[in-house]
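>>> starting from these lines, generate the structure:
(2 chains)
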Amino acid sequence: MLERTLAVVFGLAVVGGGAFYVLTTPRPLDAATLGDGAGGDVARGERIFHVGGCISCHAAERPEVGAQPLLAGGEPLETPFGTFHGPNISPHPTDGIGAWSYADFANAMKRGLDPEGRHLYPAFPYTSYVKMRTQDLADLWAYMKSLPPAEGRAPANELAFPFNIRRGVGLWKLAFLPEEGPIVPLAPDAPEPVKLGQYLVEGPGHCGQCHTPRSFNGAGGLIETQWLAGAPNPEGRGGIPDITPGGETGSWSESDLVEYFASGFTPDFDSVGGSMADVQRNLAELSDADRDAIAAYLKAVPPIDERGEAAPSQ
Amino acid sequence: MRFRFSSVPLLSALALAAAGAAVLPATAQNGDPIAERQQVMKDVGRQSRTLNQMVKGEAPFDAAAAVAAFQAMNQDAQRFGTLFPEGSETGGNTEASPDIWTNRSEFQEHLDKFAADTAAAAAAAPQDVAALSEQFRVVGGNCRSCHEDFRVDN
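Numbering: from 1, shown residues only, chains lettered A, B, ... in the order given. Below is the predicted model of the structure:
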């Protein structure tokens, strides 16, 4: 009897392990649709770099005015799951991503995979970057390759069990890696700035990563029915505000939002603070047109009321 | 004439030092440091608005008003040091980070820099919008750098 039980347990373990292996197998982009990254433009890529806020996690400090950023890895990101260290993404051949192909880069950005097919943790916001346009990806790649190589490797992440099992991220992705399409359904005849803002916010700008609550007590995916409705601070204390028209910034005009992006001052001359302070430094690098577009989109998203439900339309 | 002109910044600085010394003891004894510091923050906001309107061309440039705004901010900067006593960590919708009480020296460095930058801006007494804009940029950076580390959004 005991032997039979053991055999069943062993069998289940093998089946379970096999299922885990299959389910967590990397699923890279289709090479046929990927393109080769040729035609990327450095100047256009710099814009996407600022929209994406890459520097915030991948550089220890901002460069002097006019200097190029050194992307040797950034400040630790402390979360309930452990501490993440943004790695070196400079073109250094061994410490950075200098030896990567364009396909490697695209699979990291849109599939959360490294060149060996290992799953990247979603602290790297590929769940937003999955919505990026092919041309923008190529432009960003061109810009990244133009930056100076930086020596040094970030420390390994310090994560608690079970989050330290990297293979398990494959299961998480099966459940939570979104599709490429838009999140908020806009009317086909929505103004062009709203459409541009949608792309910037939902895609490369990855605003929802902090401003949208997550399922499974913060461990799951973004709850799209509460898009941008505010969430607990992933870095611990306090909260991240609701930035829908039903939230804290609902009374701000579009030009108030644009001013905040550009200068960091709120309409009543409070200043940006917390983790948004560094995000605003990135927003300050954008063009007026891009800041206008982000503001226009934030005014167009569905308002969410205090209970986290869609507010009735007015 | 030359002598008088260059003495303006010095006089302003002396006046500020005197004003700051007069204000400091008065504030420490008031009852509710959370409400009081929130009021002082609002005053910094009001001064910022005044300066920003001039920088943006939304209000006419007024050199005396600009100096007065920097001076008021300087007094606010000096008051902050007394408004985060032990026991005022929570309550009253405070957004003060607990780090203020565990990392007091770094918090104080921020306040000292804010006081120094506002005193320097007042002493510089900008005479046109371009000069004011530069002073306001330097002073305004203090809001963000301290709020980045020492304020928590609720």
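
>>> can you pull the residues of the stretch 201-314 of chain A lying near chain B?
Where the stretch 201-314 of chain A comes near chain B, counting by Cβ under 8 Å from any Cβ of the partner chain, the residues are A:233, A:237-241, A:263-265, A:268-274, A:277-278, A:280. For the C-beta atoms, the positions are set from N, CA and C on the backbone; glycine is no exception.

>>> where does A:Tyr21 land on pLDDT?
What the model reports as pLDDT for A:Tyr21 is 88.

>>> that one - that's part of a helix, no?
Yes. Remark: A:Tyr21 belongs to a helix, assigned using DSSP: H, G, I helix; E, B strand; the rest coil.

>>> that one: neighbour count?
Summarising burial for A:Tyr21: neighbours were counted as other Cβ atoms under 10 Å in any protein chain shown, giving 11.

>>> element containing A:Glu78?
Element membership for A:Glu78 (DSSP states H and E) is strand A:76-79.

>>> so which bits of the helix or strand just after that strand are buried?
The first helix or strand that comes after strand A:76-79 along the chain, using DSSP H and E, is strand A:82-85. The neighbour-count check on strand A:82-85 (16 or more other Cβ atoms under 10 Å in any protein chain shown) flags A:Gly82, A:Phe84, A:His85 as buried.

>>> residue contacts, the residue most central in space within chain A?
The central residue of chain A, meaning the one whose C-alpha is nearest the mean C-alpha position (Cα atoms, centre = their mean), is A:Pro125 at 2.4 Å. Contact analysis of A:Pro125 by Cβ atoms under 8 Å, 6 or more residues apart in numbering or on different chains lists A:His206, A:Gln209.

>>> which of the helices or strands spans the residue nearest to A:Pro149 when sequence neighbours are not counted?
Leaving aside its sequence neighbours, A:Pro149 sits nearest to A:His92 (Cβ to Cβ, 6 or more residues apart in numbering or on different chains; 3.8 Å). With the criterion set as DSSP H and E, no secondary-structure element contains A:His92; it sits in neither a helix nor a strand.

>>> how deep is the residue in chain B that chain A sits nearest to tucked in, by neighbour count?
Closest approach between chain B and chain A, counting by Cβ to the nearest Cβ: B:His147, at 2.9 Å. Residues within reach of B:His147, counting by other Cβ under 10 Å, total 23.

>>> out of everything not next to it in sequence, what's closest to it?
Nearest one to B:His147, counting by Cβ to Cβ, 6+ apart, is A:Gly273 at 2.9 Å.

>>> before we move on, back to that, out of the residues of the stretch 201-314 of chain A next to chain B, which end up buried?
Buried members of these, counted by 16+ other Cβ under 10 Å: A:238-241, A:263-265, A:269-274, A:277-278, A:280.

>>> which of those residues sits closest to B:Arg37?
B:Arg37 lies nearest to A:Asp270 out of these, by Cβ to Cβ, at 13.3 Å.

>>> so what pLDDT did the nearest residue to that closest one once chain neighbours are set aside get?
In space, A:Asp270 comes closest to B:Gly45 once its chain neighbours are excluded; the distance is 5.9 Å by Cβ to Cβ, 6+ apart. The per-residue pLDDT reported for B:Gly45 equals 95.

>>> touching, B:Gly45 and A:Phe269? I think so.
Yes. Using Cβ atoms under 8 Å, B:Gly45 and A:Phe269 qualify as a contacting pair, with a distance of 3.7 Å.

>>> ok, the closest residue to chain B within the stretch 151-300 of chain A to A:Leu71 distance?
Closest approach between the stretch 151-300 of chain A and chain B, counting by Cβ to the nearest Cβ: A:Gly273, at 2.9 Å. Computed with Cβ to Cβ, to the nearest Å, the distance linking A:Gly273 and A:Leu71 is 25 Å.

>>> which bits of chain B sit near chain A?
Selection of chain B residues close to chain A by Cβ under 8 Å from any Cβ yields B:41-42, B:44-46, B:48-49, B:52, B:95, B:97-98, B:140, B:143-145, B:147-148, B:151-154.

>>> count of residues packed around A:Thr266?
Number of residues near A:Thr266 (other Cβ under 10 Å) recorded here: 18.

>>> now the residue lying closest to it once chain neighbours are set aside, what's its secondary structure?
The shortest distance from A:Thr266 to any residue that is not its chain neighbour, by Cβ to Cβ, 6+ apart, is 5.9 Å, and that residue is A:Tyr260. Under the three-state scheme (three-state DSSP), the conformation of A:Tyr260 reads as helix.

>>> now do the contacts for A:Tyr260.
Contacts for A:Tyr260 were tallied using Cβ under 8 Å, 6+ apart; they are A:Trp252, A:Thr266, A:Pro267, A:Val272, A:Gln280.

>>> so who does the residue most central in space within chain B touch?
Nearest to the geometric centre of chain B sits B:Met73, at 3.2 Å (Cα atoms, centre = their mean). B:Met73 makes contacts with B:Val44, B:Gln47, B:Ser48, B:Phe114, B:Thr118, B:Val139, as judged by Cβ under 8 Å, 6+ apart.

>>> most neighbours of all those residues, which one?
Comparing the contacts of B:Met73 by number of neighbours (other Cβ under 10 Å), B:Thr118 comes first, having 27 neighbours.

>>> so it makes contact with B:Ala69?
No. Assessed by Cβ under 8 Å, B:Thr118 is found out of contact with B:Ala69, at 9.1 Å.

>>> follow-up on the earlier one: who are the packing partners of the strand holding A:Glu78?
Contact partners of strand A:76-79 among helices and strands, from 3 or more Cβ pairs under 8 Å, 6 or more residues apart in numbering or on different chains; DSSP states H and E: strand A:82-85.
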